[in-house]
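Q: return atomic coordinates for the entry below.
(one chain, ligands or ions: 2)
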Amino acid sequence: MFHSIQGMFRLNHFHDIIECLAAALEAKDLYTSGHSTRVGDMSFDLARAMGLKGSELDNIHIAAHLHDIGKMGIPENILNKRGKLLPHEWAEIQRHPEIGYKILAKSKGLQKIAEIVLHHHERWDGSGYPHGLRWDRIPLGSRIIGVTDAIDAITSVRPYRKAMSWEECWEELLTNKGIQFDPVAVETSEKLWKRWEVRWQEFQKDSKEVKLRAFR
Ligand SMILES: [Fe+2]
Ligand SMILES: [Fe+2]
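A: Ligands and ions are numbered 1, 2, ... in the order given. Now for the predicted structure:
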């Protein structure tokens, strides 16, 4: 009896705790509001559509919600800088996957999640960081987050550029398929594209309403 209640507690609250951790980062990083949630949701869909299930699917889902948690360790003046980053500032930002790995790897049970986070900026052709891994040497979860992270970045406004449309984003994915992105992850994304676009529009509507309410 005790175990089943404890199990229910875990199931109901674990995902909430993960989202709170990601929200703590977003309170510090002004430009990524909602980013972790959207990348978490899209990565779950994509991993499932690629046939993953059970603990492998859960690990990718959690890693996606927490993929940028290492930005907690980056100074705010760099994280929130408007305009172009200087080379040493860019090098500082690029430390976030390793910082995230160190935070998560403190817990033995989160080792696999830590590794997915460590490699989320690797690229299919080996030109990414931190280790320059390529092809299937990159953990599958990291390759999935590589695609969904890029989709959310491309379709979001940044201080220095407008958001691209979902059509333009798809073109961008196709151009970089087999270069930056795992080709199978890109092909599988096509089946989910409409659902993601609709969800994104709902998210935009909700965040506008929250902003309006805050001014009342
Ligand atoms: Fe990142
Ligand atoms: Fe990200």
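Q: how far does the lengthiest helix in the chain sit from its chain's centre?
A: Looking across the chain with DSSP state H, the single longest helix is helix 183-215. Counting by CA atoms, centre = their mean, to the nearest Å, helix 183-215 is centred 14 Å from the centre of its parent chain.
Q: the helix or strand harbouring Ser55 packs against which elements?
A: Using DSSP states H and E, Ser55 sits within helix 54-65. Contacts defined by 3 or more CB pairs under 8 Å, 6 or more residues apart in numbering; DSSP states H and E place helix 54-65 against helix 2-28, helix 35-49, helix 111-118, helix 140-154. Where you see a C-beta, it was placed from the backbone N, CA and C, and this is true even at glycine.
Q: among these, which is nearest ligand 2?
A: helix 140-154 (4.3 Å; CB to the ion).
Q: buried stuff in the very next helix or strand once past that closest one?
A: Going down the chain from helix 140-154, the next helix or strand is helix 166-175, by DSSP H and E. Across helix 166-175, burial judged by 16 or more other CB atoms under 10 Å covers 166, 169-170, 172-173.
Q: check stretch 80-95 too.
A: Neighbour counts over stretch 80-95 (16+ other CB under 10 Å) mark 89, 92 as buried.
Q: give the rounded mean pLDDT of it.
A: For stretch 80-95, mean pLDDT rounds to 94.
Q: start and end of it, how far apart?
A: Start to finish, the residues bounding stretch 80-95 are 16 Å apart (CA to CA, to the nearest Å).
Q: same question, stretch 147-165
A: Across stretch 147-165, first to last residue, CA to CA, it's 16 Å.
Q: does ligand 2 sit close to that stretch?
A: Yes: using CB under 5 Å from the ion, stretch 147-165 comes into contact with ligand 2 via Asp149.
Q: next one: that stretch to chain centre, how far?
A: Remark: stretch 147-165 is offset 13 Å from the chain centroid, using CA atoms, centre = their mean.
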